[in-house]
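Q: I'd like to go over a predicted model; first the sequence, then the structure.
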Amino acid sequence: MRSLLTCTLAVLAASGCGPQDVVLTEDVQASTGAELKASEFGAKGDGVTDDGPAIAAALLALKQRGGGVLSLEPHVYRVGRPDGRWHYFSLRGAKDLTIAGNGATLRFDDQTLAFWIEDAARVRLARLTIDHSPLPYSEGRVSGTALRSFVLTVPPGDTGPFTYADLERETNGKKPPNLMFFSADGGRDRAVKATSFVPSGVEKVGPRQYLFTFDGGTSLSGLTDGDRAVVVRSFVRKLDDEVRGGETATANVIVTRSSDVEFDHVTMRASPDKAFRVYDNDGPVRFETVEIAPQPGALVSVVRDGIHAKHNKVGPTIVASTFRGILDDDVNITSMPYAVTSRTGNRWTINSKESPTWCYPVRKGDVLLAANERRGAVLPARLKVLWVDTEDCPPQGRGLTQVVELEGAAAVGDAPADLLLFDLTRSNDGFVVSGNEFRPLANRAVSVTGAGGVIARNLVQSEGGPGLWLANWPKGGGRPMAGPFARSTRVEANVIRDAFLAGIRAGVIWPDVEDPANKATVDLEFIGNEVQMRDGAGIAIENARGLTFRGNTVTMGAGAPKSALAFHLTSVAAVDCRGLTVVDLRAGIAAGVLVDGASPRSGGLRFEALDVTTAARVPPVVLPAQ
């Protein structure tokens, strides 16, 4: 052990004690099943010593041995700044490797990516807390509110993630770069929706007091003196030259091109951007009993999404986990559209339409779906990738353009300028979100785009956002864009409380259910869900075919506006709804059940056992003529 330890530490020291991959030497013997302790590599776990290099050395030793277990003790391990690098612990190429935290906390000095997991298999992180100090934001209280200004008072000793000295330098009307303001309810007795603003200027006006001003396009009418507030500076760290793709470290943990990765009893206390980013994986990634929550006494835990999954062959499994204090979506599972820039016969040139700064390659053997964005129509062809010029992301090149040869391209006909492709092979199908607790702070608890799976037995207690949001890619003006939505998705036994905008919302793939080119059946099932609304629509579905509802209950809160709708279907077909209960506590919403724009000729509409209690201004149940 001593000779291996000395060699490993020497190699790390020679390369700056960073977590970067080191070329393995031939004399290293691979032997899985080893168990190493971080203390054997010099880790102290006293919260003071920089234990980052020691833990990196232990992980490298396990990778060189072909796998094993790294065992930590239930202490706080300080992890210092990674020598200017964008990430700290690299698990590239790791196989059969487990980090057994045993209740340990990794506290990072810098707002850096903690774990980069790539080309890995059978990797597990268990009983571990990942924390950042300082927090990537600052909190305070609002006073002196006006139409386009307010004063923020921060607690004693709060120097912010970027230090308020930096803010002071942004005086004289200069716009603070990448600054976001987030306001939250000052007390649970008032229903104040969370809102984001970008200030045009900030000026120190007193001890721990800062005046924020906004341009003419911003109205602060929703703010009240005493509201709790958070100031966030967007976090962007460039990758160094050796990292492929030229990406930014936009997560605390990234999992890519891997399979069988598991997070078990992992807690995330603060993240500078997304907590977990999961993309371009060929096998399952599982989250069980994961907690993403603020540090004690704080309001915010994560600046962006909690778990963000995109372009995976198998959708993530997220069970028995807790999400609190997240400024964007708690869980975001999304598909990837590609734009067709040119076409010569069966060879097409494509690139990522919605995320040109990231690299999501299609691969040989993938099956693509074609859609006409302008008409919102899915084309009947399924195109198989027979050949692709490259599957590698360009070095320091953000985004990827590929030339692909497609089987079945002739069936598409002349490719219009707004033709889109969706990779059905890597659309996160088979995802599971079950038995979790969500407290969405500003946006959605669960957002799903272009994937099929199960959302079941979750509790959503809204702090200011919607509940479950199933929708396809938006386009200009917020209208639906062509593309696959959810195939065979089941939404069952979820409880959603105090939601804004929508408890359950779905907008699918095509605006015209009579279009003969649109033969897709969505097959969405909503079974036994309970939705309690503060504002907006309880269950709202648009542009969909193949909907099943069984035993759902919608309760509209006493504070709901008169325009609120409990159950609203628009431009739907093939609907089977049995056993729907609507309770209107406001005694005067717009409607209990409203179905408009439906097309019975494209599939029957069946409604049975409706129990609607409302003093709505229109008849409580409005259905189209059959």
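A: Thanks, I have it.
Q: Over stretch 400-417, what's the mean pLDDT, rounded is fine.
A: Stretch 400-417 comes out with an average pLDDT of 80.
Q: Same question for that stretch: list its buried residues.
A: Judged by neighbour count using 16 or more other C-beta atoms under 10 Å, the buried positions of stretch 400-417 are 400-402, 404-406, 408-409, 412. Every residue, glycine included, has its C-beta placed from N, CA and C.
Q: could you dump those residues to CSV with secondary structure?
A: CSV is the format used below for these (DSSP: H, G, I helix; E, B strand; the rest coil):
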residue, secondary structure
400, coil
401, strand
402, strand
404, strand
405, strand
406, strand
408, coil
409, helix
412, helix
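Q: Would you convert those residues into TSV that also reports distance to residue 351?
A: Supplementary listing: the buried residues of stretch 400-417 in TSV, determined by distance: C-beta to C-beta, whole Å:
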residue	distance to residue 351
400	7
401	4
402	7
404	11
405	16
406	15
408	21
409	17
412	18
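Q: which of these lies closest to residue 370?
A: Of all these, the one with the least separation from residue 370 (C-beta to C-beta) is residue 412, at 5.3 Å.
Q: measure residue 226 to residue 150 for me?
A: Residue 226 sits 11 Å away from residue 150 when distances are taken as C-beta to C-beta, to the nearest Å.
Q: Which one's more surrounded, these two?
A: Each of residue 226 and residue 150 had its neighbours counted (other C-beta atoms under 10 Å), and the higher figure belongs to residue 150 (25 against 12).
Q: ok, and the closest non-adjacent residue to the more buried one?
A: Using C-beta to C-beta, 6 or more residues apart in numbering and skipping residues adjacent in sequence, the residue nearest residue 150 is residue 142, 5.1 Å away.
Q: Quick check: that neighbour vs residue 269, distance?
A: Following C-beta to C-beta, the distance that separates residue 142 from residue 269 is 25 Å.
Q: Isn't residue 280 up against residue 363?
A: No - counting by C-beta atoms under 8 Å, residue 280 stays clear of residue 363, with 9.3 Å between them.
Q: so what sits against both of these two?
A: With contacts defined as C-beta atoms under 8 Å, 6 or more residues apart in numbering, the residues shared by residue 280 and residue 363 are residue 426.
Q: Of those two, give the one with the bigger neighbour count.
A: Neighbour tally, residue 280 and residue 363, criterion other C-beta under 10 Å: the higher count belongs to residue 280, 22 against 16.
Q: that older thread, so what's in contact with residue 226 and residue 150 at the same time?
A: Shared contacts of residue 226 and residue 150, defined by C-beta under 8 Å, 6+ apart, comprise 142-143.
Q: Tell me where the stretch 101-250 of the chain is predicted with low confidence.
A: 111, 133-137, 157-198, 216-219, 221-222, 232-250 (pLDDT under 70).
Q: Run through the helices of it in chain order.
A: Taking DSSP state H, counting those that start in this stretch as the test, the helices found in the stretch 101-250 of the chain are 164-168.
Q: and what of the chain?
A: Taking DSSP state H as the criterion, the chain carries its helices at 2-14, 52-65, 164-168.
Q: hey, least reliable of these by pLDDT?
A: Within the helices of the chain, confidence is poorest for helix 2-14, with a mean of 36 (mean pLDDT).
Q: isn't residue 66 right up against residue 95?
A: Yes - Residue 66 is in contact with residue 95 according to C-beta under 8 Å; the separation is 6.5 Å.
Q: Go through the buried residues of stretch 400-417 and say which is closest to residue 317.
A: residue 400 (27.8 Å).
Q: ok, the closest one - contacts?
A: Shown here is residue 400, whose contacts under the criterion C-beta under 8 Å, 6+ apart are 351-352, 359-361, 390, 393-394.
Q: Apply 6 Å and report the result again.
A: 359, 361, 393 (C-beta atoms under 6 Å, 6 or more residues apart in numbering).
Q: Make CSV from these and add distance to residue 131 and neighbour count to it.
A: Below are those laid out as CSV (distance: C-beta to C-beta, whole Å; neighbours: other C-beta atoms under 10 Å):
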residue, distance to residue 131, neighbour count
359, 30, 23
361, 34, 19
393, 30, 20
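Q: mind checking how far the closest residue to residue 407 other than its chain neighbours is from residue 369?
A: Counting by C-beta to C-beta, 6+ apart, residue 407 lies nearest to residue 384, which is 4.2 Å off, once chain neighbours are set aside. Using C-beta to C-beta, one obtains 11 Å as the distance from residue 384 to residue 369.
Q: cool, residue 436 as well?
A: When distance is defined by C-beta to C-beta, residue 436 is 30 Å away from residue 369.
Q: got it, and residue 75?
A: For residue 75, the distance to residue 369 equals 51 Å [C-beta to C-beta].
Q: before we move on, back to that, mind listing the residues bridging to the residue nearest to residue 150?
A: The bridge-partner assignment for residue 142, based on DSSP bridges, gives residue 152.
Q: what sits against it?
A: Counting by C-beta under 6 Å, 6+ apart, residue 142 makes contact with 150, 223, 227, 229.
Q: For the residues you listed, pick the one with the most neighbours.
A: With neighbours defined as other C-beta under 10 Å, the most crowded of those is residue 150; it has 25 neighbours.
Q: Which pLDDT value goes with residue 508?
A: According to the prediction, residue 508 has pLDDT 54.
Q: No more questions from me, cheers.
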